[in-house]
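**Q** what's the 3D shape of this:
(chains A, B, C and D)
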2 protein chains.
Amino acid sequence: MTQATRRDRLRAETEREIRQAARALLVERGRDAVTLRAIARELGITAPALYRYYDSHDALLRQLCDDICQDMGAALHADLAAETSDQVDCQVRAVCHSFRRWALAHPQEFALVFASPRDPLGADQFGSVFLQLAGGLIASNLGAKHVDDPVPKALHEDLARFQQVLIDVVGQHGVTVGDDVLSLGKIYYVVQSWVRLYGHVALEVFGRFPFAVSNPEPMFDSMIDQLLTDIGFDEEEAAAQ
Amino acid sequence: MTQATRRDRLRAETEREIRQAARALLVERGRDAVTLRAIARELGITAPALYRYYDSHDALLRQLCDDICQDMGAALHADLAAETSDQVDCQVRAVCHSFRRWALAHPQEFALVFASPRDPLGADQFGSVFLQLAGGLIASNLGAKHVDDPVPKALHEDLARFQQVLIDVVGQHGVTVGDDVLSLGKIYYVVQSWVRLYGHVALEVFGRFPFAVSNPEPMFDSMIDQLLTDIGFDEEEAAAQ
DNA sequence: GAACCTTGTAAACACCGTTCACTGAAACCG
DNA sequence: CGGTTTCAGTGAACGGTGTTTACAAGGTTC
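**A** Below is the predicted model of the structure:
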């Protein structure tokens, strides 16, 4: 079935090298250095040959974005798996720190994926990766008492749609939850948390804090503490340690 | 003294046209369309002539960023001045809405100023413009009872420096306040608020919410309500209206 | 009016994305 | 096996870019 014809293998190999070269150029010399000719030069071929693999420079950049998102998703999941504690708040902390760490370690990738004026709603954006994780964690934290503030009526429809997405995603991982666990209020809360996380990380990566912050990490930690406190996690033991 | 020599007038005029053309290109056709040759074409001159005005394409883009920041600052101040109510919470609302409105109306400018990996701390960034306004508003709201959560020790030094900046700025507008009004806790709170505002606006402008939000405005309004409530503004009358 | 400064030009260089006609080898098929 | 097809890759070309250089022309100054 899987006729691994010689040509197919070579093609796959070349495509891998293209992505790898594009990524290296982005990381080492910035977005504007990711040119078709530079990539081709790296592979020892000519620029027009790349058109056998991508329709345009733009299509190649889109592919690059997708690769980046996938890599970050893998990094988040890996860091979560490496978190030994089975307490949900520790896991949430791990994922948040993982996101910040990744963004700071990959500023060019972060900027490319976020700043590029993407057309619709990208399939594999950071936000969905993150929120799917968060949704899973919240759903698994059945015992916790959560606050459940009222949600503005105008947001009900959108949030309900997103709620269904999260319930489905969590369901695919073998856990079935009802509307009561992943309530609209909690969904909304998670979205607000994402806004704060993203805001902090973007400001930090882009160096756009309104004043010089010598060490932003305590600020980030403090924010996470507040997020967890707000959603009802008891923070006694975490603060005591 | 002001010898308005003919050549100086022409030069100033040309420089204005350059900035204007660059801005128009950015708005109408995106960042990549702001090329030296396109600008020169617009003015009816040749590209190398632009080097009499800017050292490089990069320098011209930096100038463009500065112009944008200044314009947004002017827009914020104008909208604040147009706010008839003298209640501080209304003024804060006005400025927040003004920021969001400006960003949504000028996505290319917003993206350019934020996403460009700027070297140091830009002088006229959105954040400082905004926070100076916020600082002034808080300082003028002497009567309100504010919460004053403890601030992580690691942030004291940075926040104290920023506190001094704000006090100075407010002072330049004729109001003198002490550390008690613009306390470290309030400064910290304002910074956190900025993180949330920026996070929401950036996500909305870049279309990066993790799910399709059909109408983000209620979400923004709800966030502002919460910000104002958290800092201790009584929200009764606003909610009743 | 002569010397100087400034603004602009034209030509050139190296680089870019993209297209097109073409080559050579792998793959396929009778 | 032999002929045909498919396809990755080439080289040349077009129009675009930032930037440098030598040079012309006009304003400024003494």
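
**Q** hmm, who's touching whatever helix or strand residue A:12 lives in?
**A** Element membership of residue A:12, judged by DSSP states H and E, is helix A:6-29. Helix A:6-29 is contacted from outside by A:33-35, A:38-39, A:42-43, A:50, A:53-54, A:60, A:63-64, A:67-68, A:106, A:108-109, A:112, using Cβ atoms under 8 Å, 6 or more residues apart in numbering or on different chains. All C-beta spots, glycine's among them, are computed from the backbone N, C-alpha and C.

**Q** contacts with DNA strand D among those, please.
**A** Residues of those in contact with DNA strand D (Cβ under 7 Å from any atom of the strand): residue A:53.

**Q** touching, residue A:218 and residue B:157? I think so.
**A** No - using Cβ atoms under 8 Å, residue A:218 is not in contact with residue B:157; the gap is 10.9 Å.

**Q** for residue A:214, grab phi and psi.
**A** According to degrees, to the nearest 10, the main-chain angles of residue A:214 amount to phi -70, psi -30.

**Q** doesn't residue B:156 make contact with it?
**A** No - counting by Cβ under 8 Å, residue A:214 does not reach residue B:156; the two are 10.9 Å apart.

**Q** out of the two, which sits in the busier spot?
**A** Remark: of residue A:214 and residue B:156, residue B:156 carries more neighbours, 14 against 9, as counted by other Cβ atoms under 10 Å in any protein chain shown.

**Q** quick check: the gap between the more buried one and residue B:27.
**A** According to Cβ to Cβ, to the nearest Å, residue B:156 and residue B:27 sit 42 Å apart.

**Q** show the residue spans covered by the helices in chain A.
**A** Assigned helices in chain A, in chain order: A:6-29, A:36-43, A:57-82, A:88-105, A:107-115, A:126-140, A:156-172, A:184-205, A:217-230, A:236-240 (criterion: DSSP state H).

**Q** nearest to residue B:77, out of these?
**A** With Cβ to Cβ as the measure, helix A:184-205 is the member of the helices of chain A nearest residue B:77 (22.6 Å).

**Q** near chain B at all, the closest one?
**A** Yes - contact of helix A:184-205 with chain B (Cβ under 8 Å from any Cβ of the partner chain) involves A:191-192, A:194-200, A:202-203.

**Q** and which of those residues is nearest to DNA strand C?
**A** The closest of the residues of helix A:184-205 next to chain B to DNA strand C turns out to be residue A:202 (Cβ to the nearest atom of the strand; 26.6 Å).

**Q** can you report how many residues neighbour the closest one?
**A** 24.

**Q** that one against residue B:196, yeah?
**A** No - the pair residue A:202 and residue B:196 fails to qualify as a contact (Cβ under 8 Å) at a distance of 11.9 Å.

**Q** for chain A, name the helix or strand with the lowest mean pLDDT.
**A** helix A:236-240 (a mean of 45; mean pLDDT, DSSP states H and E).

**Q** still on that earlier bit, so which of the residues of helix A:184-205 next to chain B is the closest to chain B?
**A** residue A:199 (2.4 Å; Cβ to the nearest Cβ).

**Q** list the contacts for that closest one?
**A** B:195-200, B:202.

**Q** turn these into TSV, including pLDDT.
**A** Below are these laid out as TSV (pLDDT from 0 to 100):
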residue	pLDDT
B:195	95
B:196	96
B:197	95
B:198	94
B:199	95
B:200	96
B:202	93
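
**Q** next, format those residues as CSV and append distance to residue B:167.
**A** Formatted as CSV, those follow (distance: Cβ to Cβ, whole Å):
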residue, distance to residue B:167
B:195, 21
B:196, 24
B:197, 22
B:198, 23
B:199, 27
B:200, 28
B:202, 29
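
**Q** in JSON lines, list those along with distance to DNA strand D.
**A** Shown next, in JSON lines, are the contacts of residue A:199 (distance: Cβ to the nearest atom of the strand, whole Å):
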{"residue": "B:195", "distance to DNA strand D": "35"}
{"residue": "B:196", "distance to DNA strand D": "37"}
{"residue": "B:197", "distance to DNA strand D": "34"}
{"residue": "B:198", "distance to DNA strand D": "30"}
{"residue": "B:199", "distance to DNA strand D": "32"}
{"residue": "B:200", "distance to DNA strand D": "33"}
{"residue": "B:202", "distance to DNA strand D": "27"}
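
**Q** for residue A:12, the count of nearby residues, please.
**A** The local packing of residue A:12 (other Cβ under 10 Å) involves 11 other residues.

**Q** residue contacts, the most centrally placed residue in chain A?
**A** Nearest to the geometric centre of chain A sits residue A:126, at 2.6 Å (Cα atoms, centre = their mean). Counting by Cβ under 8 Å, 6+ apart, residue A:126 touches A:69, A:72, A:99, A:113-114, A:198, B:208.

**Q** with residue A:155 instead?
**A** A:188, B:213, B:218-219, B:222.

**Q** and the furthest pair within those?
**A** The most widely separated members of these, counting by Cβ to Cβ, are B:213 and B:222 (12.2 Å).

**Q** of the two, give the one with the bigger neighbour count.
**A** residue B:213 (21 against 18).

**Q** which residue sits closest to the more buried one, ignoring its sequence neighbours?
**A** The shortest distance from residue B:213 to any non-neighbouring residue, by Cβ to Cβ, 6 or more residues apart in numbering or on different chains, is to residue A:158 (5.2 Å).

**Q** any idea how far that neighbour is from residue A:185?
**A** 14 Å.

**Q** more neighbours, these two?
**A** residue A:158 (21 against 16).

**Q** hmm, that one is touching residue B:218, no?
**A** No - using Cβ under 8 Å, residue A:158 makes no contact with residue B:218, being 9.6 Å away.

**Q** between the two, what contacts are shared?
**A** With Cβ under 8 Å, 6+ apart, residue A:158 and residue B:218 have no common neighbours.

**Q** and the closest residue to residue A:134 other than its chain neighbours, what's its pLDDT?
**A** Using Cβ to Cβ, 6+ apart and skipping the chain neighbours, the partner closest in space to residue A:134 is residue A:190 (5.1 Å). Per-residue pLDDT puts residue A:190 at 87.

**Q** got a list of what residue A:190 touches?
**A** Going by Cβ under 8 Å, 6+ apart, residue A:190 touches A:131, A:134-135, A:138.

**Q** now these as a markdown table including pLDDT?
**A** Putting the contacts of residue A:190 into a markdown table (pLDDT from 0 to 100) gives the following:
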| residue | pLDDT |
| --- | --- |
| A:131 | 74 |
| A:134 | 77 |
| A:135 | 76 |
| A:138 | 74 |
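
**Q** next one: residue A:209 from residue B:4, what distance?
**A** 42 Å.

**Q** same deal with residue A:97?
**A** In terms of Cβ to Cβ, residue A:97 sits 60 Å off from residue B:4.

**Q** more neighbours, the two?
**A** Ranked by neighbour count (other Cβ under 10 Å), residue A:97 and residue B:4 place residue A:97 first, with 16 against 8.

**Q** and the more buried one, what's its pLDDT?
**A** Note on residue A:97: pLDDT of 96.

**Q** enumerate the residues of chain A near DNA strand C.
**A** By Cβ under 7 Å from any atom of the strand, the residues of chain A that approach DNA strand C are A:3, A:5-8, A:35-38, A:41, A:47-48, A:51, A:56-58.
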